[in-house]
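> pasting a predicted model and its sequence here:
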Amino acid sequence: MQQDYKEIIRGMMGDYRYTHSLNVAKEALALAKLYGCDEQKAYTAGILHDITKELPKDEQLQIIKNGGIILDDVQKNAPKLWHSISGSVYVQTHLGITDSDIINAIRYHTTGRAGMSLLEKIIYTADYTSAERNYDGADIMRSKSRESLEEAMIFSCQYTLQKLSENRAAIHPDQLFCYNELVLSRKG
């Protein structure tokens, strides 16, 4: 089935996004092995996490609407969040995926949320740490991801919250809830 997913996403995205998706799947697999998560599910969610990212915005919105999802005010004004929501609907309706953990890993890979499963944390982290990522702090994030998913996620949340704040962009509550839960649950 993995080969089928590769062929499906290949037809839906350009070279960069395709390479990124393969790299996220590889990183998700490595993290799954490290943290004891289902490797097949991690690879599948990694391959599919950006499946609708390059669809036109109106198509993404239609998929979301067809999925019965009503966007909140922040989501309506943040098109960069739409692909994770539309992607979670798309894999259900077009690929027949029914595993809620895979669906949620795709849906929350951009913002995170409180109460994330191990798979959700792995996909969220793998998206930040895939091989082609070279943003300021990417190497720190990769290093942290090998020591603690939670510490890596705190680092990525801080990075994202800072960037959004600097740009005076709205911050989705799921991102704040994710960050707060991670910080409040730290040991020591």
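Sure thing, it's come through. Residues are numbered from 1 along each chain as shown.

> distance check, residue 111 against residue 143.
Separation of residue 111 from residue 143 (CB to CB, to the nearest Å): 23 Å. The way it works is simple: take the backbone N, C-alpha and C, and place the C-beta from them, glycine included.

> more neighbours: which of those two?
Using other CB atoms under 10 Å as the criterion, residue 111 and residue 143 rank with residue 111 on top: 23 against 13.

> I'd like the next helix or strand past the longest helix along the chain.
When the chain is parsed with DSSP state H, its longest helix is helix 15-35. Next helix or strand after helix 15-35 toward the C-terminus (DSSP states H and E): helix 39-48.

> and the angle for that next one with helix 15-35?
160 degrees (axes from the mean of the first three to the mean of the last three CA atoms, to 10 degrees).

> which regions of this protein lie under the pLDDT threshold?
Applying pLDDT under 70 to the chain flags the ranges 1-3, 187-188.

> quick one: the helices in it, in order.
Assigned by DSSP H, the helices in the chain fall at 2-10, 15-35, 39-48, 57-66, 73-76, 82-93, 100-107, 118-129, 138-147, 149-166, 173-184.

> and those, which is most packed in?
Of all these, helix 118-129 has the most neighbours on average by mean count of other CB atoms under 10 Å, namely a mean of 25.

> between helix 173-184 and that one, find me the angle.
If you take the same axes, to 10 degrees, helix 118-129 sits at 100 degrees to helix 173-184.

> can I get helix 118-129 as PDB, trimmed to CA atoms?
Presented in PDB, the C-alpha positions along helix 118-129 are these (Å, rounded to 0.1, in the frame of the first residue of the first chain):
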ATOM      1  CA  LEU A 118       2.300   9.200  20.300                       C
ATOM      2  CA  LEU A 119       1.700   9.000  16.500                       C
ATOM      3  CA  GLU A 120       0.400  12.600  16.400                       C
ATOM      4  CA  LYS A 121       3.500  13.800  18.200                       C
ATOM      5  CA  ILE A 122       5.800  11.800  15.800                       C
ATOM      6  CA  ILE A 123       4.200  13.300  12.700                       C
ATOM      7  CA  TYR A 124       4.200  16.800  14.100                       C
ATOM      8  CA  THR A 125       7.900  16.400  15.000                       C
ATOM      9  CA  ALA A 126       8.900  14.600  11.700                       C
ATOM     10  CA  ASP A 127       7.400  17.500   9.700                       C
ATOM     11  CA  TYR A 128       9.800  19.900  11.500                       C
ATOM     12  CA  THR A 129      12.800  17.600  11.300                       C
END
